[in-house]
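Novice: sharing a model that was predicted from the sequence below.
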Amino acid sequence: MPFPRPASIRAALRRPPILWALAAVAVLALAVSLVLAGTVQRGPGTQESGPPTAARPTEAAPEGDDVFRPAYHLTPDEHWMNDPQRPFFLDGLWHYYYLYNADYPEGNGTEWFHATSTDLVHWKNEGVAIPKFRNGLGDIETGSAVVDTEGTAGFGKGAVIAVLTQQHDGVQRQSLFYSTDKGYSFQGYGQNPVMENPGAEHWRDPRIIRDEANNQWLMLLAEGHKIGFYTSRDLKQWAYVSGFEQEGLGILECPDFFQLDLDGDPAKRTWVLAASANGSGEGRTTGLAYWTGSFDGKAFTADGGHQWLDGGPDFYAAVTWAGPGLDDAQPMASRHAIGWMNNWAYARNLPTNGWYGAASVVRDIRLASDGGRPALVSSPTAALQSLEGAPVQVPGGSIDGGLALPVPDSGAFKADVELAKPADGTGEARLLLQSGGTTYATVGYDFAAGRAFVDRNGDAAAGGSGLADRADARGEYRQARSVDAQPAGDSVRLTVYVDRSSLEVFVAGRALTSLAFPPAGTKEARLVAEEPVSLKGGTVTPLAGIR
């Protein structure tokens, strides 16, 4: 997806380390706090014994860093970030590229910035891998990088091939770049573009996969309200074979196409087609829509209507990928996914300083039966556990009147709360995220509706100067977002990853991703509920930074 020009913004959709104190010190501090813990306010005029103070990191943020910069999400050191490009695994490293604009806010045009990781949690920014405006075809926009194991493109076995959109004077074309140093630098193919625009206004974001069953490369292109399918033997010559059209979701962008085993059963392997889309016609914002169905080597046939991967406002241009070594002969139980944690409606009006944009945490997705149809379910990737400090237990019981949670001053933590389902199936619980005495964001669950929701109407962006003169963007930003998340038993577990200016909620396999900018002041969190909702138990776990 291109960096938006001022005349046509599409209404679509961190990092080196902060270490925790030595484990022994953390454990000792926790033990002492359990003995000496003070009281927790549960309502006017009452005090009850409560959880201890949470373990804290050695420093809240790198000295001189912006207060809103996430601790454990990937961000650019400076300037602008948007679309992620699907990572690939080579020689023990994940290679990941994101669109980057070093000229923001004065100039337009993106290029590919390179980041590497061994675990999909700790990232190292490596610098620009494919610079913009070098071949007369425009800037460097979204596409795909693949490892050409057999050398089908003619640049040697194991070469990394990137096919991506370039845009010049409003015309979008597909160009090829290749790397013989494992993805650190690329050269432009001498006969670019490899795909000339056929006269289409929207013709971008090539997603390439290897279709071993048919011994071919398969490309998907975003073509307005259609996803075009193309095939090739050499990554250079492409033939159009079919199109999948979908009205009512705005201009489709950043397509994805993959297989997963339904309920982990290889006999129920199912194709999933996804694209970033606009859900305003359904009372939603932009996000990742997807369809499940079948593929015959040329055309995709959906088995029903679209669904959404994330119910929050800030999960766009997402990409998915398999773990290393997986192919069609191995089980496809799950994939990884990552998205741009932002929204084009207000991305250029947020209160960050010197850096703009972040990637979500990596999540794992599976395909599960849900009410008689396949649906993608999400969970935070297990590698995030490497960032966890000592968890602090939150005891169960009534939360009528409110329960303060022991959050760290760093603003980077995970809150897990398990809510007991009332006998009559009604009631609502809310986790209030507070700063300086102000509730800036709310995460809640409504048992009667079977829905989780996020509201950030009180944060620093909602009432800030950046959105003051943009009523449309302010309205989009302030609107609460929700997702259906039916409890599987007698309780619901909310897992909330908070990272200074963002929160990612996981509940019953569903997700809500949202930016949320706390005003200045001491960070607090409070759990409140309507009777008869009660707390079965919970934890608050501080999370280390990766910068």
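Specialist: Yep, it's here.
Novice: can you list the buried residues in whichever strand or helix holds residue 272?
Specialist: Using DSSP states H and E, residue 272 maps to strand 269-278. Across strand 269-278, burial judged by 16 or more other CB atoms under 10 Å covers 270-278. Yep, even glycine has a C-beta here, placed from its N, CA and C like the rest.
Novice: before we move on, what about stretch 520-531?
Specialist: Buried-residue list, stretch 520-531, by 16+ other CB under 10 Å: 523-529.
Novice: format these as JSON lines; extra columns: pLDDT, secondary structure and distance to residue 104.
Specialist: Below are the buried residues of stretch 520-531 laid out as JSON lines (pLDDT from 0 to 100; DSSP: H, G, I helix; E, B strand; the rest coil; distance: CB to CB, whole Å):
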{"residue": "523", "pLDDT": "95", "secondary structure": "strand", "distance to residue 104": "29"}
{"residue": "524", "pLDDT": "96", "secondary structure": "strand", "distance to residue 104": "34"}
{"residue": "525", "pLDDT": "97", "secondary structure": "strand", "distance to residue 104": "33"}
{"residue": "526", "pLDDT": "97", "secondary structure": "strand", "distance to residue 104": "37"}
{"residue": "527", "pLDDT": "97", "secondary structure": "strand", "distance to residue 104": "39"}
{"residue": "528", "pLDDT": "96", "secondary structure": "strand", "distance to residue 104": "40"}
{"residue": "529", "pLDDT": "93", "secondary structure": "strand", "distance to residue 104": "43"}
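Novice: just give me the closest of those residues to residue 189.
Specialist: Nearest to residue 189 among the buried residues of stretch 520-531, counting by CB to CB, is residue 523 at 50.5 Å.
Novice: ok, what's across the strand from the closest one?
Specialist: For residue 523, the beta-bridge partners are residue 435 (DSSP bridges).
Novice: equivalent analysis for the one 4 residues further on, please.
Specialist: Partner residues in beta bridges with residue 527: residue 403, residue 431, with DSSP bridges as the criterion.
Novice: ok, it touching residue 431?
Specialist: Yes: with contact defined as CB atoms under 8 Å, residue 527 and residue 431 form a contacting pair (5.5 Å).
Novice: what's the overlap in contacts for those two?
Specialist: 405, 417 (CB atoms under 8 Å, 6 or more residues apart in numbering).
Novice: my guess is residue 295 contacts residue 271. True?
Specialist: Yes: in this structure residue 295 lies within contact range of residue 271 using CB under 8 Å: 4.5 Å.
Novice: shared neighbours of those two, anything?
Specialist: Contacts common to residue 295 and residue 271, judged by CB under 8 Å, 6+ apart, are residue 257.
Novice: just put the buried residues of stretch 520-531 in TSV and tack on distance to residue 87.
Specialist: Shown next, in TSV, are these (distance: CB to CB, whole Å):
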residue	distance to residue 87
523	32
524	36
525	33
526	38
527	36
528	40
529	40
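Novice: out of those residues, what pair is the most spread apart?
Specialist: Going by CB to CB, the pair spanning the buried residues of stretch 520-531 furthest: 523 and 529, at 21.2 Å.
Novice: next, count neighbours for the nearest residue to residue 539 once chain neighbours are set aside.
Specialist: Nearest residue to residue 539, sequence neighbours excluded (CB to CB, 6 or more residues apart in numbering): residue 391, at 4.2 Å. A count of nearby residues for residue 391, using other CB atoms under 10 Å, gives 17.
Novice: pretty sure residue 391 sits against residue 540.
Specialist: Yes: counting by CB under 8 Å, residue 391 does reach residue 540; the two are 6.9 Å apart.
Novice: intersection of neighbour lists for those two?
Specialist: If you check residue 391 and residue 540 against CB under 8 Å, 6+ apart, no residue is contacted by both.
Novice: tell me which element residue 416 falls in.
Specialist: strand 412-420.
Novice: direction included, what does that strand pair against?
Specialist: strand 491-499 (antiparallel), strand 534-542 (antiparallel).
Novice: so how far is the last one off the chain centroid?
Specialist: Read that as strand 534-542. 24 Å (CA atoms, centre = their mean, to the nearest Å).
Novice: pull the residues that contact that strand.
Specialist: Taking CB under 8 Å, 6+ apart as the rule, strand 534-542 contacts 20, 51, 54-57, 388-399, 403, 405-408, 410, 412-420, 429, 491, 525, 527, 529.
Novice: and residue 105, what is it in contact with?
Specialist: Counted by CB under 8 Å, 6+ apart, residue 105 has contacts 80, 348.
Novice: now do the strand holding residue 416, average pLDDT.
Specialist: Strand 412-420 shows a mean pLDDT of 97.
Novice: and the angle for it with strand 523-529?
Specialist: Counting by axes from the mean of the first three to the mean of the last three CA atoms, to 10 degrees, strand 412-420 lies at 10 degrees to strand 523-529.
Novice: rewinding a little: can I get the strands paired with strand 412-420 in a markdown table with mean pLDDT, distance to residue 115 and mean neighbour count?
Specialist: Formatted as a markdown table, these follow (pLDDT from 0 to 100; distance: least, CB to CB, whole Å; neighbours: other CB atoms under 10 Å):
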| stretch | mean pLDDT | distance to residue 115 | mean neighbour count |
| --- | --- | --- | --- |
| strand 491-499 | 97 | 17 | 22 |
| strand 534-542 | 97 | 25 | 21 |
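Novice: using JSON lines, lay out these together with distance to residue 204.
Specialist: Formatted as JSON lines, those follow (distance: least, CB to CB, whole Å):
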{"stretch": "strand 491-499", "distance to residue 204": "31"}
{"stretch": "strand 534-542", "distance to residue 204": "41"}
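Novice: just to revisit the earlier point, pLDDT on the strand holding residue 272, on average?
Specialist: 98.
Novice: list the helices and strands it packs on?
Specialist: strand 253-261, strand 286-295, strand 300-302, strand 316-321 (3 or more CB pairs under 8 Å, 6 or more residues apart in numbering; DSSP states H and E).
Novice: who does the shortest one pair up with?
Specialist: Within its sheet, and counting by DSSP bridges, strand 300-302 is paired with strand 286-295 (antiparallel).
Novice: with just CA atoms, put the partner strand into CSV.
Specialist: Output of strand 286-295 as CSV, limited to C-alpha atoms (Å, rounded to 0.1, in the frame of the first residue of the first chain):
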residue,chain,number,x,y,z
THR,A,286,-10.7,-0.5,8.6
GLY,A,287,-9.1,-3.9,9.3
LEU,A,288,-8.2,-7.3,7.8
ALA,A,289,-11.2,-9.1,6.2
TYR,A,290,-10.9,-12.8,5.2
TRP,A,291,-12.8,-15.6,3.4
THR,A,292,-12.3,-19.3,3.7
GLY,A,293,-12.8,-21.7,0.7
SER,A,294,-11.1,-23.7,-1.9
PHE,A,295,-8.5,-23.1,-4.7
